[in-house]
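Student: Could you work out the structure for the sequence below:
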Amino acid sequence: MIWLAIGAGGAMGALLRHASTLWVSQRVAWGPFPAGIFLVNLAGCLAIGLLAGVLASSRVALDERVRVFLVVGLLGGFTTFSSFGLDTFTLLRGGQTSLALLNAVGQLVGGVLAVWLGFALTTRL
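Tutor: Next comes the predicted model:
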């Protein structure tokens, strides 16, 4: 049942991300800058921060299936950047500054390098 909740949320999140990105891109002209996904990533980070804060405060208790549907599925499908932001924030909040920095820099720089490597490998074949 957990896997179904994640899958359903992920599908909904991916559709919402695509629709939101298109909507923003049609209304915001920042030249070649990817405004749609930029704003989607920020919105996803805000949403996961709000949800994590509400859950951490114990003001709201969610069944595990609902929690994974929202956090892992819906928000994960909407933008995995929100999970990255929450993980980095959790490390910072726990006093793990070095690990937070490693996570942030490692994923951003490593991700761009991995895209470059994949692109280079396939365009040179």
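
Student: ok, which stretches of this structure are helices?
Tutor: Using DSSP state H, the helices of the chain run over 2-27, 35-56, 64-68, 76-78, 80-93, 97-123.

Student: Quick check: which of those is buried the most?
Tutor: Across those, averaging neighbours per residue (mean count of other CB atoms under 10 Å) puts helix 76-78 on top, at a mean of 22. Heads up, the C-betas are built off the backbone N, CA and C, glycines and all.

Student: just checking, what packs against that one?
Tutor: Applying 3 or more CB pairs under 8 Å, 6 or more residues apart in numbering; DSSP states H and E, one finds that helix 76-78 makes contact with helix 2-27, helix 35-56.

Student: now those helices in JSON lines, with mean pLDDT and distance to residue 104?
Tutor: Converted to JSON lines, the helices and strands packed on helix 76-78 look like this (pLDDT from 0 to 100; distance: least, CB to CB, whole Å):
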{"stretch": "helix 2-27", "mean pLDDT": "94", "distance to residue 104": "22"}
{"stretch": "helix 35-56", "mean pLDDT": "91", "distance to residue 104": "13"}
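
Student: so which of those helices gets nearest residue 68?
Tutor: Nearest to residue 68 among these is helix 2-27; the distance by CB to CB comes to 5.4 Å.

Student: mind checking pLDDT for residue 125?
Tutor: Reported pLDDT at residue 125 in the predicted model: 64.

Student: returning to what we had before: of the helices and strands packed on helix 76-78, which is nearest residue 122?
Tutor: The stretch from these with the least distance to residue 122 (CB to CB) is helix 35-56; that distance is 22.1 Å.

Student: what's next to that closest one, contact-wise?
Tutor: The contact list for helix 35-56 (CB atoms under 8 Å, 6 or more residues apart in numbering) reads 17, 20-25, 28-29, 60-62, 67, 70-71, 75, 78-79, 81-83, 85-86, 89.
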